[in-house]
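S.K.: Sequence isn't available, so here's the structure alone:
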C-alpha cells in the first residue's frame with residue numbers, strides 16, 4: 001500500500017502547559033491544543049505536569065506559544081470505543097480553547113480488539129473530529145499523529161495492528177481532510193527503553209515526542225523529511 005508522505009525526525013525535548021503574559025504591543029501567543037489519550041496526558045510519568053509531552057513541547061516552542069494538555073487516559077477516537085474522547089470534558093475544553101494549532105494523537109487504545117471491531121468507523125470518526133476543530137472561529141491548523149510504537153504492547157494493544165491497520169487509516173483520514181501527518185511511530189522506533197510498561201513513554205520518550213512535533217510545526221525538521229515529500233520520492 002502506497003503511504004502518504006509524512007514528517008518525522010529520528011531524534012529527541014520539554015514546560016508547564018500554560019500561557020505567558022504579553023504586553024499590548026506584542027502579539028498574543030499562538031495557542032496549541034494537544035488532543036490525545038494517556039500518552040498525551042502523561043500517564044506513568046511521575047512529575048506529569050512538568051514532564052508530559054505537551055509540557056515539554058511548551059518549553060521547546062518558547063514563550064510565543066501557549067500549549068495546553070487535553071489528553072484523556074484510555075481515550076479512543078472511535079465513538080463506539082470503550083472510552084470515546086468525544087464524551088470527556090477535555091474535548092469540549094479543547095474546542096473552547098479556540099486554538100491556533102491542534103495536535104491529535106489517538107489510535108493506540110482503538111487498536112484493542114474490543115474497540116477495533118468497529119474499525120470501519122475509524123476514518124469517519126477521525127474526519128468528524130478534525131472537522132470539529134477546523135470549523136472553529138480560530139480556524140486552527142490541524143496535525144494528526146501516528147501513534148508511538150508499542151513494545152510489543154499490553155492491555156490488548158499491539159504494534160502490529162497499529163502499524164498495519166491503524167496507520168493506513170490515519171493516512172486515509174489525512175488525505176480526505178487535507179491535513180498533515182506527524183510520524184511519531186518512526187521517530188520513537190527502536191527506543192524500547194523509553195517505554196517502561198511497553199506502551200507509555202517515560203520523560204525521555206515524552207521529550208522525544210515534543211522535540212519531533214516542535215521541529216515539524218515550526219518548519220525546522222531535517223532536510224531528509226522534506227526530501228521525502230518531493231515527487232520523485234512519493
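M.R.: Alright, I've got the coordinates. Quick caveat, the model's predicted, so the values are computed rather than measured. Residues are numbered from 1 along each chain as shown.

S.K.: how about the strands in this structure?
M.R.: 30-36, 65-71, 101-105, 141-145, 180-182 (DSSP state E).

S.K.: biggest helix in the chain, by residue count?
M.R.: helix 203-217 (DSSP state H).

S.K.: In it, which residues are buried?
M.R.: For helix 203-217, the neighbour count (16 or more other C-beta atoms under 10 Å) marks 203, 205-217 as buried. (Each C-beta comes from the backbone N, C-alpha and C, glycine too.)

S.K.: Relative to the whole chain's centre, how far out is it?
M.R.: 10 Å (C-alpha atoms, centre = their mean, to the nearest Å).

S.K.: same thing with stretch 74-84?
M.R.: 16 Å.

S.K.: end-to-end on it?
M.R.: End-to-end distance of stretch 74-84 (C-alpha to C-alpha, to the nearest Å): 8 Å.

S.K.: any idea of the mean pLDDT in that stretch?
M.R.: Stretch 74-84 comes out with an average pLDDT of 98.

S.K.: what residues does it touch?
M.R.: Applying C-beta atoms under 8 Å, 6 or more residues apart in numbering, the contact partners of stretch 74-84 are 36-38, 72-73, 85-86, 88, 106-107, 109-110, 112, 114-115, 118-119, 121-122, 125-126, 129.

S.K.: try 7 Å this time
M.R.: Stretch 74-84 has contacts (C-beta atoms under 7 Å, 6 or more residues apart in numbering) with 37-38, 85-86, 88, 106-107, 109-110, 114-115, 118, 121-122, 125-126, 129.

S.K.: Drop anything exposed from those.
M.R.: 37-38, 85-86, 88, 106-107, 109-110, 115, 122, 125-126, 129.

S.K.: about what we covered before: want to throw the strands of the chain into CSV with mean neighbour count and distance to residue 52?
M.R.: Converted to CSV, the strands of the chain look like this (neighbours: other C-beta atoms under 10 Å; distance: least, C-beta to C-beta, whole Å):
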stretch, mean neighbour count, distance to residue 52
strand 30-36, 25, 9
strand 65-71, 24, 6
strand 101-105, 25, 12
strand 141-145, 23, 15
strand 180-182, 21, 17
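
S.K.: Much appreciated, bye for now.
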